[in-house]
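Asks: take this sequence and fold it.
(one chain, ligands or ions: 1)
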Amino acid sequence: MTTATTASVTADASPLATAQGQLTTAVTHLGYDDGMHQMLATPRRETHVAVPLRRDSGETVLFHGFRVQHNVSRGPGKGGLRYHPAVDVDEVRALAMWMTWKCGIVDLPYGGAKGGIDIDPREYSQAELERVTRRYTSEIMPMIGPDTDVMAPDMGTDAQTMAWVMDTYSVNRGYTIPAVVTGKPLAVGGSLGRETATSAGIVHVTAAALKEAEVPLTEVTVAIQGFGKVGGHAASIFADRGARVVAVSDQYGGVRADDGLDVARLQQHVEATGSVQGFDGGDPVSNDELLALDVDVLVPAAVEGVLDESTAGTVRARWVVEGANGPTTAKGDRLLAANGVTVVPDVLANAGGVVVSYFEWVQANQTYWWSEQEIAEKLARRMSSAYADVSALARRDGISLREAALVIGVRRTAEAHEIRGLYP
Ligand code: GLU
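Replies: Numbering: from 1, shown residues only. Below is the predicted model of the structure:
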């Protein structure tokens, strides 16, 4: 295990620079000293591992794997596992830090963690992905566990990946330990409602933001960038609740229909072809054009940094609801604010996933399973109350929703540090 060094604030718009800049803003608002700032800025524990894979062809290739526990003061580290060719330790550090604030904002008894491997999962067979997952899991075994660090799916991973992690961990321990991961398949202790939880949470906070402005959800137009686990389900839930989804995109391109897309038919097209591109129920739109559409609500639900100094100024939506982690850079954020766009930040907007992860972990620890309705109601309550806390602080202190959300997440974490005291 390597020792983490304090991440320095770099000038570019990397996720880590964005995350560190946000932390500095929150720490300044809270008036914390430099010692507390450094502690909050520095990951508690990190592991870097080599992940060799014997390909189906017999050839061996090597990937780099990471697991970063940013903070474990409020409970076990919690956060996803990402498979993407651009994964590096700094990105994982940023994502782990965001998990800490996110868990604090929705008041879960967790710290923040994240893992990643620099692999493009689309280029490998299921058997290869299983071997990579099992090798990575056994390399980071000393760090994870139901009481220490609990993984979940993220970009490029899914319920099946979590089943392999759970199985590898359990076989090595000698008995079945479902609570070591969340986002598992239902057959091995997953939770009802986990698959759609992030998207349901996005719609809950959007509805809460619209309600404050006295705008009914049924009267708004929505554009969504990303049609994967988050954006795809969000499109369906928005449409089910009566909003007009007028544009969606994925990494290959996008589709728009000003009268509203038939989301159910679009889902069938995506299942058949693997992309929203070429859907006959609308006209093509590029990813950059989608960001600049004249809609009420824009949901960036794909990768980091898409709303930056070159694109944020083109946004015409009144609300940006961040489905992805870190879709807006610091410069992008300033441009959105200057243009009067209300941003519901990632750490609040996409927290529904980790909320139902928590419900899954609680159910696994109790070996007692809740109904879908119980989960939906508990999720709705927690998201609405987190939104209300953030919005009240933003109004009280005259700050943005992002700053208010971070202040709440950072304050809850720092309070845990202070009350526990410094050892030795
Ligand atoms: N990967 C998701 C996120 O970024 C879920 C994390 C979890 O459920 O632990 O919030």
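Asks: biggest strand in this structure by residues?
Replies: Ranked by number of residues, the top strand in the chain under DSSP state E is strand 60-71.
Asks: in the sheet, who's paired with the closest residue to the ligand within the stretch 101-250 of the chain?
Replies: Nearest to the ligand, among the residues of the stretch 101-250 of the chain, is residue 152, at 3.3 Å (C-beta to the nearest ligand atom). For the C-beta atoms, the positions are set from N, CA and C on the backbone; glycine is no exception. For residue 152, the beta-bridge partners under DSSP bridges are residue 80.
Asks: state the number of residues packed around it.
Replies: A count of nearby residues for residue 152, using other C-beta atoms under 10 Å, gives 28.
Asks: which helices and strands does the strand or helix carrying residue 391 pack with?
Replies: If you go by DSSP states H and E, residue 391 is part of helix 372-397. In terms of contacts (3 or more C-beta pairs under 8 Å, 6 or more residues apart in numbering; DSSP states H and E), helix 372-397 is packed against helix 89-105, helix 197-212, helix 346-349, helix 352-366, helix 401-420.
Asks: follow-up on the earlier one: may I see the buried residues of the longest strand of the chain?
Replies: Residues 63, 65-71 are the ones in strand 60-71 that count as buried (16 or more other C-beta atoms under 10 Å).
Asks: so which bits of the stretch 201-350 of the chain are right by the ligand?
Replies: By the rule C-beta under 6 Å from any ligand atom, the part of the stretch 201-350 of the chain lying against the ligand is 325, 350.
Asks: show me the helices in the stretch 51-200 of the chain, by range?
Replies: For the stretch 51-200 of the chain, applying DSSP state H, counting those that start in this stretch gives helices covering 89-105, 126-140, 159-173, 197-212.
Asks: now the third one: mean pLDDT?
Replies: Over the span of helix 159-173, the pLDDT mean works out to 98.
Asks: which residues are contacting it?
Replies: Here helix 159-173 makes contact (C-beta atoms under 8 Å, 6 or more residues apart in numbering) with 81, 83, 126, 129-130, 133-134, 137-138, 141, 144-145, 151-153, 176-178, 180-185, 188-190, 195.
Asks: any idea what residue 62 is bridged to?
Replies: Bridge pairing for residue 62 - DSSP bridges - gives residue 52.
Asks: same thing with residue 245?
Replies: With DSSP bridges as the rule, residue 245 is bridged to residue 222.
Asks: surely residue 401 touches residue 346?
Replies: No. Applying C-beta atoms under 8 Å, one finds residue 401 not in contact with residue 346, separated by 10.9 Å.
Asks: between the two, which has more neighbouring residues?
Replies: Between residue 401 and residue 346, residue 346 has the larger neighbour count (other C-beta under 10 Å), namely 24 against 21.
Asks: closest residue of this protein to the ligand?
Replies: Counting by C-beta to the nearest ligand atom, the chain gets nearest the ligand through residue 80, at 2.8 Å.
Asks: per-residue pLDDT, that residue?
Replies: 98.
Asks: center of the protein - which residue?
Replies: residue 325 (4.8 Å; C-alpha atoms, centre = their mean).
Asks: so who does that residue touch?
Replies: By C-beta under 8 Å, 6+ apart, the neighbours of residue 325 are 15, 95, 98, 304, 346, 350.
Asks: that older thread, go through the helices and strands packed on helix 372-397 and pick out the most buried.
Replies: helix 346-349 (a mean of 30; mean count of other C-beta atoms under 10 Å).
Asks: who are the packing partners of that helix?
Replies: Using 3+ C-beta pairs under 8 Å, 6+ apart: helix 346-349 touches helix 89-105, helix 197-212, helix 372-397, helix 401-420.
Asks: run through who's touching it.
Replies: Helix 346-349 is contacted from outside by 98, 101-102, 105-106, 201-202, 205-206, 321-327, 386-387, 390, 401, 405-406, 409, using C-beta under 8 Å, 6+ apart.
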